[in-house]
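S.K.: Just to be clear, the model below is a prediction. Sequence and coordinates:
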Amino acid sequence: MADAVGAYDGKHVCQTQSYGPEARGGKSKAELVISNEPIDYPKALQVDLLLAMTQAACDAYFYETKTDGLLVVDSTYVEQIPTSRAVAIPFTKIARQDIGRELVANMVALGAVGYLSGQVDLKHLEMALLSRVPKGTENMNRDALQAGIAEARRIDLSALPGSIIGDWENEV
Amino acid sequence: MLESAEVIRQEYLRHNKKFPHVWCPGCGNGIVLGSLLRAIHGLQIPKDDIVLASGIGCSGRMTTYVDFNTMHTTHGRALTFSTGIKLAKPELNVITIMGDGDATAIGGNHFIHAARRNLDITAIIVNNSTYGMTGGQYSPTTPYGSKSTTSVYGHVEHSFNIAELAVTAGAAFVARGTVYHAAQLDGIIKKAISKRGFSVVEIISNCHVQHGRRNKLGSAATMIQSYKENAVTVAQAAKMSPEEMEGKFSIGVLCDLDKPVLTEEYDRLRRESQKEMK
Amino acid sequence: MRCSVSVFYLPLTLFEGKMEKKVSASPKASAPQKGAKAKKSEVPAKETGSVAPKEKKRILYSVKFFYEWCKSCGLCSALCPKQVISTDETGKPRVENPDACIGCRICEIHCPDFAITVKKRKDTRRSTDGKR
Amino acid sequence: MENADGQKRVLLQGNEAIAYGALAAGCNFFAGYPITPATEISEVLSEKLPQEGGTFIQMEDEIASMGAIVGASLAGAKAMTATSGPGFSLIQENLGYACITEAPCVVVNVMRGGPSTGLPTCVAQGDVQMARWGTHGDHPIVVLSVSSVSECFSITVKAFNIAEKFRTPVIILSDEVVGHTRESVNLPSPEELLIFDRIAPTVPSDWYKPYANNNRSVPDMASFGDGYRHHVTGLVHDEKGFPTQKPQEVKQFLTRIHEKITKGFSEIVLHKAFEMEDAEICVIAYGSVSRSAQRAVKEARQQGVKAGLIQLVTLFPFPRRVVDAALRQCRTVIVPEMNFGQISREVSRVNPGDARVVKLNKVDGTLITPEEILHKLVNLQ
C-alpha cells in the first residue's frame, strides 16, 4: 500500500514495522504515515485506521488510534471488538473459502483497508501489489485484493458512530 | 633447478630492508622463505602479480623482506584479507603465510572457512609448535606434555594436526613438508601455487629458541635433523599402524582434488544474474 | 648492502695444477640433489687437497659465505654430507676442504639467511683473499 | 522499485537505500555477516552486486568481513560492510587496520540496543562514542549519521566519496528505526551524482612512496597488481610503508593521518539547520531522533516558542563550529539521544561557557517522541 501511495500516487509515505521474533507471529505491527508534505517523525503518532488481524494485536494497539479513528478487524480471529466504530470482516475466512489459501488473508485485508482508508488509488494499489508478489501468484493475489475491496464496498462507514469515545466529545 | 641464493638475494629480497633479517640464528622461517622464493622463481610468476599476505608472529615478518605486493595484517586474519584481495582481483596470485598459532588458534575459523570456500589462495603454515615471537607460549600444535612458558608443568591439552584439519575442512590441495626436506618443499610449494583452489602447505619448522630449549630438543641443527628421522612419506604412513606413527608425521601430498573454484563459480553466478536481469 | 664480491669468502684452494681439464657444464652433476639423498657422487668422501684425484672429469664447487648476513647458526656445517664446512671458535662457518664439495647445495637451501652461495668453480681459479 | 534510473520515485527501506546508495557510489565489493537489523543491506547487495559485475560474499564473521573489505580495497575495489552492535564490536580490530593502512572503505552500523546482544530489534544510539573510539590507538575516523531513507542513499554516496578522497574508513551510523522505515524517495539519476575515486600514483614505480606526504596529506594510492609493489602493514610505518619505531617518523605518520581529516573539514562536516534563523532555544539531534525533534520544533513554533533544530549529519570529526554557533545563539540547547549522553558530552565540551546544555536521554529501546522533546522545549524556553 505504501508503494502504491508513495511511488504511484506521488504522496509522501513512511512505513515502519516491528521486527524480531514477534514479526513471525502474534502481535507484530506495521505503521504507515501518508502525507502531502515531507514527513518528519517516521512513526505514527495517532492512528487514523488500525487494521488488527488478531485479538492480541487489537488489544495491544487499539489505544493508539485517534478518537475518530477507524478500527478494522479480521473477525475470524478477533472476537472482542473494543469499539462500536469498527469494521469486522472475516478476512481469513474469505481467503480460505473464496481464494483457497489462508496465506492471502492479508491481501484481502489490504483491499479492504485500501478502500476504507480512501487514501489510495485502487488501480495503483493493484499495480503495486502485482509488482511485488512472486511470479505465478499474481492471479491469486489479485483475486484476494478484489475480494477485499468488494467486501469493503458493502460497508457503510457513515452508519458507524463518529468517534470511539462518543459523539458528545464533538459537541464540547 | 634450484635457484641460487644469489638470484634470490638479487631479485626477490628488498634491498632497502635491514638484513640480516629479524629471525633467530637457525630459524626455519628463513628456510621456508627461501623455498617459497625458489618456487615462485621456478614458476616464473611476475613479481607484480603476487600478493604475499601474512599475519602476526615470526612468520608474519616474512612479507617485509620480499619484493612483491606484500601485506602484514592483523593476528590470524591474513586469510580474510587475502579473500578480499583475491575476490576483488582474481588475476592476482595470492599467497598467505601464517604461523601455527596464527592460522589455527586465533585464525582457526578463517582457516577452515577459507578451505571450505575453495578460493584460489595458497596458504603456507609454518608450524613451529609454539608462539615464538611472544616468548614461547603453548600453541594449538604444542605436543601433549611439552613445556612452554604457559605450560611450565607440561602441556595438558592435545594438539591439532593442521594438514588433516585442512583436508577435512575441504581444501583442494594439502601437503606437508619440513624445513629439513627443503628441496622437496620447493616442489610442494610449486604444486600448491599452481593448484587451482585452496591449497595448504604445512611446514614443520624448528623453534629451537623457545620450544626446543624448554623441551631439550637441542640446537637448530639437531631439531632439523630430527625431522629426517620422524618424517615418513604419505605412502609409508598409510601402511603404518597408529602405534608405529607415534611421534612421527607424514610428509608429501595428503590430498589433491579438483573442485569448483570460488572465483570461477562467482563468475558464472554473475553471468546468470545478468542474464536474469535482461 | 648489496652483496658485492668483495665480501664473499673465496675458498682457498689447497692444490694446483692437478686438475688440468676445464670443467664443462654437466647437467647431470649440477642437477639438484634431493635433501639427504645427495650421496651418489663418485668423489671420495674425504678428499683432501694433497691427494691426487682420479683421472676423471670432476666438477669443483666453491662455497661462498656472505658473512654480513650470516648469524653463525651452524646449520650449514651440521647438514653438509661431506663435512666440507666447519665452524671456527666463534661459530662462523668456513670451508675446510673445498674439493670435497659435491655441489648438493644442502647448505645453500638450508641457510635461513641467504648467506651461502654454491657455484661451480674452475680448477685454475684460486682465491687471493686469505681472510674473510 | 527496481528501476532507480532518473528521478524515479520509489518506496525503499532505509537499509535498502543504503545498498542502492552504495551501488550508485560505485561500490563493487561487499562482505558481511547476517545481523538484525542490518541484514537487508546484505540481501539487496547479494542480488544486485553480481548484476553490476561486483562481488558479494558472506564471511564467517564480522572480523573476516572487515578483513575482506580492507583486502578488496587495497586491491582497488570500493568496498563496504554493514553490521549492527555486536558485529561492530568484532569489526573494530580490522577497522584499526584500515585506519593505519589508510584503506578507503565504508562501514555501516545499524544501531540497536546494547551492550552485548542487547536489544536486537530495538532502536538505540549507544554506539556513537564507540564509532569514534572503538578501535585502540589515537586514530582519525569519519562518522556520519542518517535520519531518513533519502539520507541513507545520499549519505552513503557521500561516505564513499569521503573514504576515497581522504583514504579513510568512514562509518555510517544508522539505527533500527531508520533502517527499517520504508519511505517514498526520489532517487537521483547516476548522472546527477558526484562520485570521487581515489587518486592513483603516476610516478615511475621505483619512485612510488605509498605513504608520502603531500599538500593534501593524502598519499596517492596504488592497488595491488598495478605494478607498484609496496608493503602494507598494521605497524606504524614510514613513507615507504615499512615498519618504523623512530620517534620522528612515528610522529610524522600519526600527525599526517590526523591532518588529512582536519584539512578536509569543510568537505567532511555536514549538518542541516531547521528554523535556526531566529531561534532562541534549539535542539541538537542526529539519526532518527532528529525527525522527532523536527516535529517537536514545528509544534513548538505553533505554540510561540522560538525553537530551532541543528541536525548533525557528521558526528566525527565533531562539527565544533556549527555547534559553537548554535550555543552562542541560543541560551538553551537540548540534546535528545537514545543513550545516556554520548553527543551531549561533545556539545558540553565545545560549549563556550554561557549556554545551558540540557540532556534528554531515553534508553528503553523506543524512539524519543516529539512530545518528549516538545515538553522540554516549552518548559525550558
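M.R.: Ah, there it is.
S.K.: Just the buried residues of stretch D:183-201, please?
M.R.: Within stretch D:183-201, the residues that count as buried by 16 or more other C-beta atoms under 10 Å in any protein chain shown are D:183-185, D:187-188, D:193, D:196, D:198, D:201. In short, each C-beta sits where N, CA and C put it, glycine included.
S.K.: Residue D:14 reaches residue D:153, doesn't it?
M.R.: No - using C-beta atoms under 8 Å, residue D:14 makes no contact with residue D:153, being 9.2 Å away.
S.K.: does any bit of stretch C:94-112 sit next to chain B?
M.R.: Yes - residues of stretch C:94-112 are located near chain B by C-beta under 8 Å from any C-beta of the partner chain, namely C:105, C:108-112.
S.K.: now, which of the residues you listed sits nearest residue B:276?
M.R.: If you rank the residues of stretch C:94-112 next to chain B by distance to residue B:276 using C-beta to C-beta, residue C:109 comes first, at 53.3 Å.
S.K.: residue ranges for the strands of chain A, please.
M.R.: Using DSSP state E, the strands of chain A run over A:12-17, A:30-35, A:47-52, A:65-74, A:86-89.
S.K.: closest one to residue A:105 among these?
M.R.: Smallest distance to residue A:105 across the strands of chain A (C-beta to C-beta): 6.8 Å, for strand A:65-74.
S.K.: can you redo the strands of chain A as JSON lines with mean neighbour count, distance to chain B and mean pLDDT?
M.R.: Below are the strands of chain A laid out as JSON lines (neighbours: other C-beta atoms under 10 Å in any protein chain shown; distance: least, C-beta to the nearest C-beta, whole Å; pLDDT from 0 to 100):
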{"stretch": "strand A:12-17", "mean neighbour count": "22", "distance to chain B": "27", "mean pLDDT": "80"}
{"stretch": "strand A:30-35", "mean neighbour count": "18", "distance to chain B": "30", "mean pLDDT": "79"}
{"stretch": "strand A:47-52", "mean neighbour count": "22", "distance to chain B": "35", "mean pLDDT": "87"}
{"stretch": "strand A:65-74", "mean neighbour count": "20", "distance to chain B": "37", "mean pLDDT": "84"}
{"stretch": "strand A:86-89", "mean neighbour count": "20", "distance to chain B": "39", "mean pLDDT": "88"}
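S.K.: nearest to chain C, of these?
M.R.: Comparing the strands of chain A by their distance to chain C (C-beta to the nearest C-beta), the top pick is strand A:12-17, with 62.7 Å.
S.K.: how close does residue A:94 get to residue C:112?
M.R.: 81 Å (C-beta to C-beta, to the nearest Å).
S.K.: sorry, back to before: tell me which two of the buried residues of stretch D:183-201 sit farthest apart.
M.R.: Farthest pair in the buried residues of stretch D:183-201, by C-beta to C-beta: D:184 and D:201, 44.2 Å.
S.K.: Name the nearest residue to residue 138, ignoring sequence neighbours.
M.R.: All of this refers to chain A. residue A:130 (5.3 Å; C-beta to C-beta, 6 or more residues apart in numbering or on different chains).
S.K.: other chain: chain D
M.R.: That would be residue D:254: by C-beta to C-beta, 6+ apart, it lies 6.9 Å from residue D:138.
S.K.: Angles on the backbone of the one you found, please.
M.R.: Backbone geometry at residue D:254, expressed as degrees, to the nearest 10, gives phi -70, psi -30.
S.K.: which residues touch residue B:237?
M.R.: Residue B:237 makes contact with B:245, B:248-250 under the criterion C-beta atoms under 8 Å, 6 or more residues apart in numbering or on different chains.
S.K.: Give me the mean pLDDT for the one helix or strand it maps to.
M.R.: Using DSSP states H and E, residue B:237 falls within helix B:234-239. Helix B:234-239 shows an average pLDDT of 94 in the prediction.
S.K.: gap between that helix and the chain center?
M.R.: 22 Å (C-alpha atoms, centre = their mean, to the nearest Å).
S.K.: In which helix or strand does whichever residue of chain C sits closest to chain A reside?
M.R.: Chain C approaches chain A most closely through residue C:112 (56.9 Å), counting by C-beta to the nearest C-beta. Following DSSP H and E, one finds residue C:112 outside all helices and strands.
S.K.: So what's the residue count around it?
M.R.: Neighbour count of residue C:112, defined by other C-beta atoms under 10 Å in any protein chain shown: 28.
S.K.: what do you get for residue D:43?
M.R.: Residue D:43 has 15 nearby residues by other C-beta under 10 Å.
S.K.: Give the full set of residues in contact with residue B:64.
M.R.: So residue B:64 contacts B:14, B:17, B:70, B:72, D:231, D:233, D:242-243 (C-beta under 8 Å, 6+ apart).
S.K.: Please tabulate those residues in JSON lines and include distance to residue C:58 as additional columns.
M.R.: Converted to JSON lines, the contacts of residue B:64 look like this (distance: C-beta to C-beta, whole Å):
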{"residue": "B:14", "distance to residue C:58": "39"}
{"residue": "B:17", "distance to residue C:58": "39"}
{"residue": "B:70", "distance to residue C:58": "43"}
{"residue": "B:72", "distance to residue C:58": "47"}
{"residue": "D:231", "distance to residue C:58": "45"}
{"residue": "D:233", "distance to residue C:58": "49"}
{"residue": "D:242", "distance to residue C:58": "46"}
{"residue": "D:243", "distance to residue C:58": "48"}
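S.K.: Now flag whichever of the residues you listed is closest to residue D:221.
M.R.: Using C-beta to C-beta, residue D:231 is the member of the contacts of residue B:64 that lies nearest residue D:221, at 13.9 Å.
S.K.: how about the closest one, phi and psi?
M.R.: phi -110, psi 130.
S.K.: next structured bit after the worst-scoring helix or strand of chain C on mean pLDDT?
M.R.: In chain C, the helix or strand scored least confidently by mean pLDDT, DSSP states H and E is helix C:27-30, which has a mean of 42. Going down the chain from helix C:27-30, the next helix or strand is strand C:60-65, by DSSP H and E.
S.K.: Provide the strand pairings for that next one, with the direction of each partner.
M.R.: Strand C:60-65 pairs in its sheet with strand C:116-121 (antiparallel), by DSSP bridges.
S.K.: So which residues make contact with the partner strand?
M.R.: Counting by C-beta under 8 Å, 6+ apart, B:4-6, C:8, C:23, C:25, C:30, C:59-66, C:76, C:93, C:98, C:101, C:103, C:105, C:107-108 sit against strand C:116-121.
S.K.: OK, contacts around residue D:194?
M.R.: residue D:161.
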